[in-house]
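1. Sequence first, predicted coordinates after that:
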Amino acid sequence: MTGKTHAAVGLGTVLAVTQPSTVSGLVLAAGTGMLGALISDIDVGTSKSHKDADRITLIAALLVAAEIALNYSIWEKIRNNQSMAPVAMGVIIFIAVCAFGKNQPHRSFMHSIMAMAILSAAISMVSVKLVLYFVVGFVSHLVLDCFNRKRVRILYPLPGGIALDFCKAGGFVDSLLFKLGSVAVIFEIVYLAVQMGENWKLFRM
């Protein structure tokens, strides 16, 4: 699937599954979910796709930085002079895995349960509450790609993979999923905003 479809469907899935109840939670869910939904495609092979992958990597890095800035517990550690070693280690592991995965064949390591597990572990060292958002986004990417014609090596390094041959990237189904995902995202954001407003009114009563 194309990157925009992964982004729309991934974000819609994350918001539907996690139902964040605060503005900061919504931002964290959206940022981390998008990261999970897009990061797998840093392994794409064509020249144009590599440029797209570089942009995805940059966006992901900016999202992680924004999430860290919004994560109060991290700033609390800094203010209390607590060790930031786990956070630093998590960031280093995440970057190292992505650097390795970027040079692997498309839909191999970066599209596997192994990659998801290692990246999730790295994210947990930054903040445990981000892991669910990331995993849901990552899984949405794997599921969508399984409907394509090229095999997805979910159980890497084992040989073989899944290819349901139902659609192709950039085709009708891809375009339809992007539109449906976009509509779902808009609906969910409006719904969550209304819920937050009602909760705020109850809090002030």
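-> That came in fine, so what should we check first?
2. correct me, but Ala115 touches Gly101?
-> Yes. Here Ala115 reaches Gly101: they are 6.1 Å apart, a contact under CB atoms under 8 Å. From N, CA and C alone the C-beta is placed, and that goes for glycine too.
3. More neighbours: those two, which one.
-> The residue with more neighbours, out of Ala115 and Gly101, is Ala115; 24 against 20, by other CB atoms under 10 Å.
4. In contact with that one, which residues?
-> Listed by CB atoms under 8 Å, 6 or more residues apart in numbering, the contact set of Ala115 reads 40, 97, 101, 109, 156.
5. Gly90 too?
-> By CB under 8 Å, 6+ apart, the residues touching Gly90 are 122-126.
6. 7 Å instead, please
-> 122-123, 125-126 (CB atoms under 7 Å, 6 or more residues apart in numbering).
7. wait, which of the contacts of Ala115 is closest to Phe166?
-> Distance to Phe166 across these (CB to CB) is lowest for Ser40, with 18.7 Å.
8. Distance check, that closest one against Ser112.
-> In this view, Ser40 and Ser112 are 9 Å apart by CB to CB, to the nearest Å.
9. ok, now Ile189?
-> According to CB to CB, Ile189 and Ser112 sit 31 Å apart.
10. do Met89 as well
-> Between Met89 and Ser112 the computed distance is 22 Å (CB to CB).
11. Can you report phi and psi for Gly25?
-> Main-chain dihedrals, Gly25, degrees, to the nearest 10: phi -70, psi -40.
12. same check, this time on Val152
-> phi -100, psi 120.
13. for the protein, longest helix please?
-> Taking DSSP state H as the criterion, the chain has its longest helix at helix 172-204.
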